[in-house]
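Q: Sequence and computational prediction follow.
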Amino acid sequence: MPSPQPNLSPLYGAAFGFNTDRRVKPVHFASGFLLSLTGLNYPQKTLNYTVASSSKNEPEGNYKLDKLKQYLSDQNSISTSFSESDLHKIRKHLEAVADNDDAVFAVFGSKGGFGSDYSISSHDLISQMKDNDGFSGQFVKAILDSSLDGKKVLECVRAWLVQNFSTGRLLLNPLINQEVREENLEDRACAKLGELSSNRKATISNLMQSETRAVLRLCQNVDPMSIEIKLRFIIIILSCWLIAYIRKKSCIELQDPLILLTDMSNGESKKMREQSRWSYSRFREELAESFKNMAANGDFSECETQWNWISENKDGKPKVEEFYREILIRNGLAQPRASRVAAKHFELQPDTLHALTLSVLNKNEGLVDLPVYLDRLFETWSICFGGRSNDSDLLAKSGYTGLDRDRDLTPNMQGLESLLSDLGLATRYSDGLVMCHCTPNFDYQ
């Protein structure tokens, strides 16, 4: 009989510094990152009673409409003239605001849900019942806190969180409780995953220097925007930072860089789609295989029991598939989103492309040539569209064969240029020149 499974968390901690054995939605990552930043957890019981109306469990207690009406009336959260019909209608609208990421469950009844992570627009909406992000948020905060640029990023986000005048926050105001408890995610992560030493944090911080600088650039560029957009963009770009980290860590032994070949051709080029799918699969396989390299390098000396169990029972491949798929798809870097079975490929969604653009362009530099923009995207995030002068040779060297400049790469670039133009981030001139800029502006003529 196979030996019983040991606690594998220390293995994942030794490998990447957080758990990769689960699906991590952006809202889970956001809760973990922001909670580690503030150290304050707001249970928000009244809000949860009101907006957790689509729980899979049968409503009970204060989640039932009649009891909720009485509870909210006792809390002076609604007028006594409110009918149950009125409450039913408005809680559906409020749920759409607070549960935009489908992560809110009823957590205060006898049948506690998976957790409750709200679409965050303020510090007092940071509410985490379970460590569903596998401490990935705490990990990113710890690494950012180890560099000067990273500390500046954390300062920006802290300042944004206390701006309680956002539309979403004002809408939920009658349901907000100020009950709060202090949390120390660093200690909890250390107990479950093992210590993230100062030396290791410094090493990772140095490895991620260019990506951290790009995150800071985004923070500077989004300054005039609304708090909701700021927080949305910072979670997108930090998820990209996390993806870049696991790519670097898992592919550190590769002689050729692991390219994220991105298909923006809208399916016009079957070859482009096919090669982008291979790029997606290649990254996933390198991630899974990287554990063997880490074991050979002695990274698992303090969790040999866990690694031996994995080697004997899982062919040396720990669980990474769900984490990899979920964070790439939910973060807008891969498609299709709907089916868990269909083959995935790299394809940037509009807000993801916007965030990445804000991370590589400076708002005070004006117009930037498209080739310069493409160089920066590749150098910082390893994203390749095939539009640079040397991309054909680079792709061929990395194993991407059969991509024709006219039939495959040109349509791909046309798709990218169209999306940039639609977002107001690029201007196409009559002579074919394309110029990029990080401030959406349709008047560059």
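A: In hand now; what should we look at?
Q: got the residue ranges for the helices in the stretch 101-250 of the chain?
A: Counting by DSSP state H, counting those that start in this stretch, the stretch 101-250 of the chain has these helices, from start to end: 136-144, 148-161, 167-172, 185-193, 198-207, 209-221, 227-250.
Q: other SSEs contacting the shortest one?
A: If contacts are counted by 3 or more CB pairs under 8 Å, 6 or more residues apart in numbering; DSSP states H and E, helix 167-172 sits against helix 84-98, helix 227-250. All C-beta spots, glycine's among them, are computed from the backbone N, C-alpha and C.
Q: between the last one and helix 148-161, how many degrees?
A: This points to helix 227-250. 150 degrees (axes from the mean of the first three to the mean of the last three CA atoms, to 10 degrees).
Q: and the next element down the chain from helix 227-250?
A: Counting by DSSP states H and E, the next helix or strand C-terminal to helix 227-250 is strand 260-261.
Q: Give me the number of neighbouring residues for the nearest residue to Ser146 once chain neighbours are set aside.
A: Closest residue in space to Ser146, ignoring its immediate chain neighbours: Ser205 at 4.1 Å, by CB to CB, 6 or more residues apart in numbering. Neighbour count for Ser205, taken as other CB atoms under 10 Å: 19.
Q: List the contacts of Ser205.
A: By CB atoms under 8 Å, 6 or more residues apart in numbering, Ser205 lies in contact with Ile143, Leu144, Ser146, Ser147, Gly150, Thr212.
Q: If we use 10 Å, what do you get?
A: The contact partners of Ser205, by CB atoms under 10 Å, 6 or more residues apart in numbering, come to Ala142, Ile143, Leu144, Asp145, Ser146, Ser147, Leu148, Asp149, Gly150, Thr212.
Q: Break this protein down into its domains, please.
A: Following automatic domain parsing, the chain resolves into domains at 9-208, 260-436.
Q: can you tell me the average pLDDT over the first one?
A: Read it as domain 9-208. Here domain 9-208 scores 91 as its mean pLDDT.
Q: Could you report the distance from the residue lying closest to Val107 once chain neighbours are set aside to Leu377?
A: Excluding its sequence neighbours, the residue lying closest to Val107 (CB to CB, 6+ apart) is Ser116, at 4.7 Å. Separation of Ser116 from Leu377 (CB to CB, to the nearest Å): 36 Å.
Q: Minimum distance to Ser301: which of the helices of the stretch 101-250 of the chain has it?
A: Of all the helices of the stretch 101-250 of the chain, it is helix 198-207 that lies closest to Ser301, at 13.6 Å by CB to CB.
Q: Where does the residue of the chain most remote from its centre fall, secondary structure wise?
A: Most distant from the centre of the chain: Ser81, at 42.5 Å, with distances by CA atoms, centre = their mean. Applying DSSP H and E as the criterion places Ser81 outside every helix and strand.
Q: Ser301 - how many residues pack around it?
A: Going by other CB under 10 Å, the residues that sit close to Ser301 add up to 10.
Q: residue contacts, it?
A: Ala14, Ala295, Trp307.
Q: Sitting in helices, which of those do you find?
A: Using DSSP state H, Ala14, Ala295, Trp307 are the members of the contacts of Ser301 that sit in helices.
Q: neighbours around the first one, how many?
A: Counted with other CB under 10 Å, residues neighbouring Ala14 total 21.
Q: Name all residues that make contact with it.
A: 193-194, 200, 291, 294-295, 299-303, 306-307.
Q: Also the last one?
A: Contacts here follow CB under 10 Å, 6+ apart; on that basis Trp307 touches 6, 8, 10-11, 14-15, 291-292, 294-295, 299-301, 316, 318.
Q: Most neighbours out of those, which is it?
A: Among the contacts of Trp307, Leu11 has the most neighbours (other CB under 10 Å), with 29 neighbours.
Q: Report pLDDT for the spatially closest residue to that one that is not a sequence neighbour.
A: Nearest non-adjacent residue to Leu11, counting by CB to CB, 6+ apart: Gln306, 4.0 Å away. pLDDT for Gln306: 92.
Q: Correct me if wrong: Gln306 contacts Ser3.
A: No: using CB atoms under 10 Å, Gln306 is not in contact with Ser3, being 11.3 Å away.
Q: And those two? Which one has more around it.
A: More neighbours surround Gln306 than the other of Gln306 and Ser3, with 21 against 10 (other CB under 10 Å).
Q: Give me the distance between the more buried one and Ile229.
A: Noted for Gln306: a distance of 41 Å to Ile229, by CB to CB.
Q: Ok, Thr410 next?
A: Distance of Thr410 to Ile229, given as CB to CB: 33 Å.
Q: and if you look at Gly134?
A: Between Gly134 and Ile229 the distance is 27 Å, computed by CB to CB.
Q: So those two - more neighbours on which side?
A: Neighbour count, other CB under 10 Å: between Gly134 and Ile229, Gly134 has more, with 27 against 16.
Q: contacting residues for Pro411?
A: Shown in contact with Pro411 (CB under 10 Å, 6+ apart): Asp263, Met264, Ser265, Asn266, Gly267, Glu268, Ser269, Met272, Gly386.
Q: Which pair of those residues spans the longest distance?
A: Gly267 and Gly386 (15.7 Å).
Q: When these two are compared, which one has more neighbours?
A: Per other CB under 10 Å, whichever of Gly267 and Gly386 has more neighbours is Gly386, with 28 against 12.
Q: thought that one was touching Arg405?
A: Yes: counting by CB under 10 Å, Gly386 touches Arg405, with 8.2 Å between them.
Q: Find the residues that touch each one of those two.
A: By CB under 10 Å, 6+ apart, Gly386 and Arg405 have these common neighbours: Ser392, Met413.
Q: for stretch 426-442, which positions count as buried?
A: Ala426, Thr427, Val434, Met435, Cys436, His437, Cys438 (16 or more other CB atoms under 10 Å).
Q: Serialize those residues to JSON lines and add fields for pLDDT.
A: Shown next, in JSON lines, are the buried residues of stretch 426-442 (pLDDT from 0 to 100):
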{"residue": "Ala426", "pLDDT": "93"}
{"residue": "Thr427", "pLDDT": "90"}
{"residue": "Val434", "pLDDT": "92"}
{"residue": "Met435", "pLDDT": "93"}
{"residue": "Cys436", "pLDDT": "94"}
{"residue": "His437", "pLDDT": "92"}
{"residue": "Cys438", "pLDDT": "87"}
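Q: In helices, which of those fall?
A: Per DSSP H, the subset of the buried residues of stretch 426-442 in helices is empty.
Q: Of those, which is the nearest to Leu125?
A: Taking these together and measuring to Leu125 by CB to CB, the closest member is Cys438, at 28.3 Å.
Q: Without its sequence neighbours, what residue ends up closest to that closest one?
A: Leu361 (3.7 Å).
Q: again, but for Phe378
A: Cys384 (5.6 Å).
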